[in-house]
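# Turn this into a structure:
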Amino acid sequence: MNLVRLMSVDMIELNLAPPEEPPDNPELNLEKWQQKQKESYLEEFVNILDKDNFVLHKRKLHKDFVNRERQASTALVDGLAIPHVRSRYIRTPVVGFARSDEGINFQAIDQGLSHIFFIIATPAKVGDLHLKIYKQIATMFRFDGTYNEFMWLTKPGEVLRIVRQFD
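Residues are numbered from 1 along each chain as shown. So this is what the prediction gives:
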């Protein structure tokens, strides 16, 4: 599958805003606060996918991502997360990319922070395409050095160059 065809430099964000610090409040339910933080980043991911006008309804696509994350976190290990969803609110299969230098608590399997995010959205009618895309992305990270390449790049076009190497 040619992953680069599903991406564009407009749907690449190399500088996600750092996560907020939790308020100093003993009454605060930290778990709920962390969930709201995660939902805020999912909203940002929807905005990234919408830069090429592929999103039919941003709020509903965001809700689909939130519901998917509530089933199980899409954060893997070693700083990688692959939020993915099938939805009626996306025109065509798309893949976005985001990076956080500070790292975001996305409830990863290894309890670590997620730094690299590949965001996948496919129309519901295309079956399990989102899982094929997911598998291809996860496979890229089996190779030594892939994570560091994505962490050290400085231009959006470099993301496409790296992905193209694995197509």
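# Same question for the helix with the most length in the chain: list its buried residues.
Counting by DSSP state H, the longest helix found in the chain is helix 30-49. Judged by neighbour count (16 or more other C-beta atoms under 10 Å), helix 30-49 contains these buried residues: 37, 38, 39, 41, 42, 43, 44, 45, 46, 48, 49. (Each C-beta comes from the backbone N, C-alpha and C, glycine too.)
# ok, so what distance separates the last one from residue 2?
Taking C-beta to C-beta, to the nearest Å as the measure, residue 49 falls 18 Å from residue 2.
# Which residue ranges of the protein form strands?
Taking DSSP state E as the test, the strands found in the chain are 12-13, 80-81, 84-87, 94-104, 114-123.
# Please name the strands paired to the last one in the sheet, noting orientation.
Read it as strand 114-123. Sheet neighbours of strand 114-123, with direction, are listed as strand 80-81 (parallel), strand 84-87 (parallel), strand 94-104 (antiparallel) (DSSP bridges).
# tell me the mean pLDDT over the last one?
Right, the one you point to is strand 94-104. Per-region confidence: strand 94-104 scores 97 on mean pLDDT.
# Least confident secondary structure element in this protein?
Every helix and strand of the chain was ranked by mean pLDDT, DSSP states H and E. The lowest is helix 30-49, at a mean of 91.
# what's in contact with that helix?
If you take C-beta atoms under 8 Å, 6 or more residues apart in numbering as the criterion, helix 30-49 is touched by 11-13, 16-17, 19-20, 22-23, 55, 58, 61-62, 65-66, 69, 83, 90, 94, 96-98, 104-107, 117, 119, 121.
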